[in-house]
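Quick one: sequence plus predicted model below, questions after.
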Amino acid sequence: MPYSYGEFKQEIKNHISSILPQTSKILDVGPGCGTYSHLLKEFGYIVDCVEIWEPYIHKFNLNQHYDNVHLSNVMDFDITPYEYIIMGDILEHLSSEDAILFLKKIEKNKQKVLVAVPYEYEQGEHEGNIFETHLQPDLTPEIMKLRYPNLKLLYGDNKYGYYINYNLNMKDILMQEYNNLTKTLKIPLFPQNHILINFVNGAKVEVKGENSKKYQIQFINKNNNKIIHESTISNNMWTKTNVQYFIDYKIIVKDLEENTITEHYFNAKDKKVYIHFASKALGDTIAWFPYAEEFRKKHQCELVVSTFHNEMFEENYPNIKFVKPGETQYDLYAMYEVGWHYNENQEINYNKNISNFREIGLQDCSSESLGISPIEIKPKLTYKNTGSTVKGDYVVIAPHGSAHAKYWNYEGGWQTVIDYLNNKGYKVVMITQEPLGDEWHDSKLGGTLTGVIDKTGNYPLSERANDMMNAKAFIGIGSGLSWLAWALNTPVVMISGFSEAYSEFKDCERISSPKNKCSGCFNRTQLDAGDWEWCPDHKGTSRIFECTKSITPDIVIAAIDRQLEKFS
């Protein structure tokens, strides 16, 4: 914070004025509101300051209080012109490595320094100032001795200490002992309570420590100032939001005993964040994954990701650490789980999903859960093009799906399309896992398809990908293989009546139901995966699956021609 601890300020004023001649030049590092200028200017010293956060220069009118105001990081600043350096509430903002380097520079220059630090004080950014973050929140008198052995305690109490790098005369020593004695409290002291904050499946504040206090906690959405959750807790208690998707949080912790406020703003830079993609489905994973990389770039975090298809991404995303789902992670600043989440009563869990995921695109589920702009993004898959295994021009088809409602249910439609493509000189390669020649599966396509190259069955995805990359087009339904073809930049023709057009990707020729026909049940009703004949509006009637029964071969053929011409 830009304000300083009030105790011992008069003693510091008397001390500095007693040891420094009036001709001395003093550098105040990180002046904040200008506390030390107010203390010392009356003595005629030249007092300059170096401030890293420009808004403070204007907010506290520092140019009116200091002889010279420098906007700079003190680690890059020339301190040689000064006899005396004041580091009031600065050491804790530096890493221990930087602090040691800076103090060695002062020692080499044979300069005097005053270091003032709070003990055991967690603090994040303040009003957007990331430099307010405490990088050494663990400081105590004992740690100061170990970490900075050349500094000597001048004044201090259980909350705060003033340290110097030079020796005192006898008068100063006597005054030091007297002042430290009079400031000693007569009650047992405990170390300051720790305020611990993380964003692991929700924002959480925990207070640890033996000082009996009450704290008011507010979790605020910084983008609209809406209070997401508010609670009052005591030491050794915690409180947490139910909301688990990304929110750009501002957290306010108010110490109700001392009436002090600590603010923490979400800042994942260089911190460990874990994103888990909860679905095993191929299409979901391909659709959702790109926004993990966008999150990493936006927040400059150390990102850990788990999917059920890590092998598709690992090689092309070297800045992400991939782990298996369920593998325990430690020291996390934040964690998010992307998926379609339901409560126990099978209603949408709005603590894990911002929107009704049936009413937005599949990719939008991931982008909004992670706070990323909803722009269609293709992932960079690791699959290599090893060359075509089919001579001549060909088209890939994948007519099967995980529910009958997903199929193109126009009787004889697939065979008509295959015959058309063969007559145009294109070979047709069928690549579904469901085998060609199996009576039950063939019956869903109007019989065993002919005129195709049979690559059905259990092939690795790398081979499926290679066939797609060398094809002139891919024709499929709303399935994972369609998403795979799209990600590999193969021209896609997608036939889907059970889902609305916004559900899948835009970069394709998408064939939807005619406007006067029933459609989009998937976006209105939860799919019953155990009911193969699921058709929530017309099951058991002559209108079952009319969404795709009404899509005629000539509509599909026209879309195929448009794609082939576009990429010819």
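Happy to help now that I have it. Numbering: from 1, shown residues only.

where's the nearest residue to residue 549 once chain neighbours are set aside relative to residue 461, distance?
Residue nearest to residue 549 in three dimensions, not counting chain neighbours: residue 409, with 4.8 Å by CB to CB, 6 or more residues apart in numbering. Every residue, glycine included, has its C-beta placed from N, CA and C. Taking CB to CB, to the nearest Å as the measure, residue 409 and residue 461 are separated by 27 Å.

Please say which of the two ends up with more neighbours.
Neighbours of residue 409 and residue 461, each counted by other CB atoms under 10 Å, are more numerous for residue 409; the result is 23 against 16.

Run a quick check on residue 430 versus residue 436, I expect a contact.
Yes. Between residue 430 and residue 436 there is a contact under CB atoms under 8 Å: 6.0 Å.

shared neighbours of the two, anything?
Between them, residue 430 and residue 436 share these contacting residues under CB atoms under 8 Å, 6 or more residues apart in numbering: 449, 452, 454, 456.

neighbour-wise, which of those residues leads?
Counting by other CB under 10 Å, top hit in the shared contacts of residue 430 and residue 436: residue 452 with 23 neighbours.

my guess is that residue contacts residue 428, does it?
Yes. Using CB under 8 Å as the test, residue 452 is close enough to residue 428 to be in contact (4.7 Å).

overlap in contacts of the two?
Taking CB under 8 Å, 6+ apart as the contact criterion, the common neighbours of residue 452 and residue 428 are 397, 418.

Can you pick out the residue with more neighbours from residue 430 and residue 436?
Counting neighbours by other CB under 10 Å for residue 430 and for residue 436 shows that residue 430 has the greater number, 22 against 19.

List the single closest residue to the more buried one in space, sequence neighbours excluded.
Closest residue in space to residue 430, ignoring its immediate chain neighbours: residue 452 at 4.5 Å, by CB to CB, 6+ apart.

From residue 43, how far out is that neighbour?
Residue 452 is 94 Å from residue 43, where distance means CB to CB.

what's across from residue 276 in the sheet?
Beta-bridge pairing of residue 276 under DSSP bridges involves residue 306, residue 337.

returning to what we had before: measure the residue nearest to residue 430 to residue 118 for me?
Counting by CB to CB - residue 452 and residue 118 are separated by 74 Å.

Over to residue 64?
Taken as CB to CB, the span from residue 64 to residue 118 is 27 Å.

Which of these two has more residues huddled nearby?
Neighbour comparison, residue 64 and residue 118: the larger count goes to residue 118, with 19 against 9 (by other CB under 10 Å).

and residue 237, what are its phi and psi?
With angles defined as degrees, to the nearest 10, residue 237 sits at phi -130, psi 170.

If we ignore the residues flanking it in sequence, what's nearest it?
With CB to CB, 6+ apart as the measure, residue 207 is the residue that lies nearest to residue 237, at 6.4 Å, once sequence neighbours are left out.

any idea which element the one you found lies in?
When elements are assigned from DSSP states H and E, residue 207 belongs to strand 204-208.

For that strand, buried residues please.
The neighbour-count criterion (16 or more other CB atoms under 10 Å) identifies 204-207 as the buried residues of strand 204-208.

pull the helix or strand with minimum mean pLDDT from the protein.
Taking mean pLDDT, DSSP states H and E as the measure, the helix or strand of the chain with the lowest value is helix 170-183, at a mean of 52.

where do the helices sit along the stretch 301-450 of the chain?
Taking DSSP state H, counting those that start in this stretch as the criterion, the stretch 301-450 of the chain contains helices spanning 362-369, 413-423, 439-443.

can you list the weak-confidence ranges in the stretch 151-300 of the chain?
Along the stretch 151-300 of the chain, the parts satisfying pLDDT under 70 run over 169-191.

can you do 80?
For the stretch 151-300 of the chain, applying pLDDT under 80 flags the ranges 168-192.

Tell me the one of the shared contacts of residue 430 and residue 436 nearest residue 552?
residue 449 (18.0 Å; CB to CB).

State the pLDDT value of that closest one.
According to the model's per-residue confidence, residue 449 sits at a pLDDT of 96.

hang on, isn't it packed against residue 436?
Yes. The pair formed by residue 449 and residue 436 meets the contact definition of CB under 8 Å, at 6.5 Å.

joint contacts of the two?
Shared contacts of residue 449 and residue 436, defined by CB under 8 Å, 6+ apart, are found at 430, 442.

ok, back up a step: quick one: list the elements packing against the strand holding residue 207.
With contacts defined as 3 or more CB pairs under 8 Å, 6 or more residues apart in numbering; DSSP states H and E, the packing partners of strand 204-208 are strand 194-200, strand 214-221, strand 226-234, strand 237-240, strand 249-255.

how far off strand 249-255 does the third one point, in degrees?
Spelled out, that is strand 226-234. For strand 226-234 and strand 249-255, the angle between their directions (axes from the mean of the first three to the mean of the last three CA atoms, to 10 degrees) works out to 30 degrees.

ok, residue 256 touching residue 232?
Yes. Applying CB under 8 Å, one finds residue 256 in contact with residue 232, separated by 7.5 Å.

Spit out the residues that contact the two alike.
Common contacts of residue 256 and residue 232, defined by CB under 8 Å, 6+ apart, comprise 214-216.

I'd like the residues you listed laid out as a markdown table, including neighbour count and distance to residue 89.
Listed next are the shared contacts of residue 256 and residue 232 as a markdown table, based on neighbours: other CB atoms under 10 Å; distance: CB to CB, whole Å:
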| residue | neighbour count | distance to residue 89 |
| --- | --- | --- |
| 214 | 14 | 26 |
| 215 | 22 | 22 |
| 216 | 14 | 24 |
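
mind putting those in JSON lines, distance to residue 27 included?
Compiled in JSON lines, these are given as follows (distance: CB to CB, whole Å):
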{"residue": "214", "distance to residue 27": "41"}
{"residue": "215", "distance to residue 27": "37"}
{"residue": "216", "distance to residue 27": "39"}
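
Nearest to residue 94 among the residues you listed?
Checking those against residue 94 by CB to CB gives residue 215 as the nearest, at 27.4 Å.

thought that closest one was touching residue 256?
Yes. Under the criterion of CB under 8 Å, residue 215 makes contact with residue 256 at 6.4 Å.

Now do the shared contacts for these two.
residue 232.

Poorly predicted segments of the protein, please.
Low-confidence segments of the chain, defined by pLDDT under 80, span residues 1-7, 126-128, 168-192, 529, 568.

how would you label residue 11: helix, strand or coil?
Using DSSP: H, G, I helix; E, B strand; the rest coil, the structure places residue 11 in helix.

what packs against the helix or strand hosting residue 27?
Element membership for residue 27 (DSSP H and E) is strand 25-29. Strand 25-29 sits against helix 35-40, strand 46-51, strand 84-88, with contacts defined as 3+ CB pairs under 8 Å, 6+ apart.
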